[in-house]
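Participant: make a model of this:
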Amino acid sequence: MRLLQTILLSILFFAPKTPNAQTDIPRYTVKLGSFINPRPGDFERVRSLGFLYSQAKSSNYTDVLMGGYANPAEAQKVAQSLQNKSYNEAFVLKLNVEGGQTVSVIQLKIENAAKPINWSNYLKLDNLHILLNGKQVKIVEGPYKDLAEAKTQLGRLKAMGFKDAFVKNVNNVLLHKVTSFETGGEKRPLIPLNFKDRKKQKEERPAAKNPESVPESYNELTVFSPSGEEAKKITRAEHNFKAGLPKIRGKIKRTSAYKLQEVLKEEGAAQLGLDGYYGKKTRAAFAKIKSENRQVQKYKILSQFADNQIYESEGRLQNYINDLWNQPDEVVKGLKGISAPLAKAYRAYYLLASGETGQEVNKLMNAAVKEAFARKKPVNLPRFDYTASYSYNDLNQLLLHLRYIYEVSDEKYSVPCWLFQKHPSAALHAFGASSNSGNGFRLQDCAGFWAWEDFQILHAIAKDLNTDQKLDEQKMAEGRSALTRLYLAPNPPGEKERKALESWNSKLWKGLDGWAVRDPLLAEINTALKIVYFQSEVLLEDYFMNQGFTAKEAKGLALAALKALTGYHLNRFV
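Facilitator: Numbers count the residues shown, from 1 in each chain. Okay, here's the model as predicted:
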């Protein structure tokens, strides 16, 4: 009996572990946030906490993440450390390892995440990835289609100096592509060594002399120089950001597509099914009925002539802020004649952005902070001692304190769009996701979703249904500001906020449908509103899913955008 127990224990001990039993898989990572054109130098002060890597989400945004961790508690500890260093929205993500596939790679070496990595030898290879586990950075080449293919390349890699290289199988979800972000900007040799017939990689975009001055798009925007010489050629129209029209997913069932199908079927798309999938038939029916519906076509024309001016605070200070890089000499001179804290803060900003540091920058910015908080006490500002004196050596800290000044200003001045254009990472860190729930300041209208025709038509109809004797410019500005925030730094609503948005949406359509039964003309307008509303909802959902959000999160963000666009104008129906 004892011999049998010994044999059974031996079998259990030496038996291979099943995948479900593995607890050492680095399936947890920490997301710092989403940034426009992030650069390695922007994150120097947190590099000691773990290895940073990037994931492109769209043409505009890139996620920056840190490390791989097998223990969720360890990942949460890192997230807390990042929050303490002003990355207030850092949170733990669980990678979908179960949905991954096993692939073959060649492991070249294990590096220490806490120490600088010499990438020069690795960058001779053209298909580098990393595997992260705590402080370990495993650098691999591949993946290959199978072990046999990987083994044929092993000898060549060893001959290149990677003597300890070996073949292994890994889960492809844990592989992260090595880009110039991971290498700290170090570039590949001009002619990479290709072991397979891979397509020639596109050349990386050349780095600007002043990395803070690189705009969102090389095709649409002009690089600003710190001296302001180039800025004098810039027009305000060039400050705009435009959201690309997303390709609609046909394999996701959703309420927005179902609601659109309902109204399209009522308008004559008899063969259209009500299945909630936005397929070819729905796309064709929408295009046909949109072109034939006279109310939609009427408001399409009206939207082209609508007064879509950017509503913002009037006055010298706002104008100076808007034109700082258009006419820097005149604006700085004008700011000296204004005593408001924001005027001092923008003078300090201009000096620092122009390459000056030291006493004058510190003097102006510290005075601005103290004067601002002497007038109004802060509310829920995280870890900020406004009575202290600060040394401003980088834009991250200065712009964050500039945001705090905006939050306690009595007048609602608008944060200019050019700030996000000139300093995308620093501006989004200061005014973006971390401040999504605060709403203590207003963002200038930065275009975004206004490039979409259906969005413009929807706004034209909603505005026409507003019965106010005089439109409230403040409320319209707040709506535009909310849209800008959702475009530049979307932050999905929590469960409570999402339910409130769904309740608002339900009440809105109950009120509109009750209003529409009073007269055939009202019914026509309501139908036109539904057509572009639900189409816009579908587009917004796909846009936010393209940014990496789940379908549920995208639905909440889409409703938030629709409320920001139409909420004030349609408030009487709720």
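
Participant: for the longest strand belonging to the chain, buried residues please.
Facilitator: Under DSSP state E, the strand in the chain containing the largest number of residues is strand 102-112. By neighbour count, and taking 16 or more other Cβ atoms under 10 Å as the criterion, the buried residues in strand 102-112 are 103, 104, 105, 106, 107, 108, 111. (C-beta placed from N, C-alpha, C; glycine too.)

Participant: same question, stretch 327-334
Facilitator: Those buried within stretch 327-334 under the rule 16+ other Cβ under 10 Å are 328, 331, 332, 334.

Participant: for the third one, which residues are in contact?
Facilitator: If a contact means Cβ atoms under 8 Å, 6 or more residues apart in numbering, then residue 332 has 324, 347, 350 as its contacts.

Participant: any regions of the protein where pLDDT drops low?
Facilitator: Within the chain, the stretches with pLDDT under 70 are 1-23, 58-60, 185-241, 306-314, 376-384, 432-440.

Participant: domains for it, by residue range?
Facilitator: For the chain, whose domains are defined here by automatic domain parsing, the residue ranges read 28-177, 255-310+446-573, 316-441.

Participant: okay, those in TSV with distance to residue 246 next?
Facilitator: Conversion of the domains of the chain to TSV gives the following (distance: least, Cβ to Cβ, whole Å):
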stretch	distance to residue 246
domain 28-177	9
domain 255-310+446-573	4
domain 316-441	20
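
Participant: pull the CA atoms of the host helix or strand of residue 350 into CSV?
Facilitator: Under the criterion DSSP states H and E, the helix or strand holding residue 350 is helix 341-353. Backbone C-alpha positions of helix 341-353 (Å, rounded to 0.1, in the frame of the first residue of the first chain) are rendered in CSV as follows:
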residue,chain,number,x,y,z
PRO,A,341,-2.9,84.4,-13.0
LEU,A,342,-3.5,82.8,-16.4
ALA,A,343,-1.6,85.6,-18.1
LYS,A,344,1.4,85.1,-15.9
ALA,A,345,1.2,81.3,-16.4
TYR,A,346,1.2,81.6,-20.2
ARG,A,347,4.2,84.0,-20.1
ALA,A,348,6.0,81.3,-18.1
TYR,A,349,4.9,78.6,-20.5
TYR,A,350,6.1,80.6,-23.5
LEU,A,351,9.5,81.1,-21.9
LEU,A,352,9.9,77.4,-21.1
ALA,A,353,8.5,76.2,-24.5
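
Participant: name the residues of that helix that come out as buried.
Facilitator: Counting neighbours by 16+ other Cβ under 10 Å, one finds that the buried residues in helix 341-353 are 341-353.

Participant: and the contacts of that helix?
Facilitator: Outside helix 341-353, the residues that touch it by Cβ under 8 Å, 6+ apart are 212, 226, 317, 320-321, 324, 328, 332, 335-336, 360-362, 364-365, 367-369, 371-372, 375, 392, 395, 398-399, 401-402, 405-406, 409, 413, 422-423.

Participant: quick one: the strands in the stretch 151-300 of the chain?
Facilitator: With DSSP state E, counting those that start in this stretch as the criterion, the stretch 151-300 of the chain has strands at 166-171, 176-177, 241-242.

Participant: mind putting the ones you listed into CSV with mean neighbour count and distance to residue 86?
Facilitator: As requested, these are arranged in CSV below (neighbours: other Cβ atoms under 10 Å; distance: least, Cβ to Cβ, whole Å):
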stretch, mean neighbour count, distance to residue 86
strand 166-171, 17, 33
strand 176-177, 17, 24
strand 241-242, 20, 24
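
Participant: right, and these - which one's nearest residue 35?
Facilitator: When these are ranked by proximity to residue 35, the top entry is strand 241-242, at 14.2 Å, counting by Cβ to Cβ.

Participant: same for the strand or helix carrying residue 367, what does it pack against?
Facilitator: Using DSSP H and E, residue 367 sits in helix 359-375. In terms of contacts (3 or more Cβ pairs under 8 Å, 6 or more residues apart in numbering; DSSP states H and E), helix 359-375 is packed against helix 341-353, helix 395-408.
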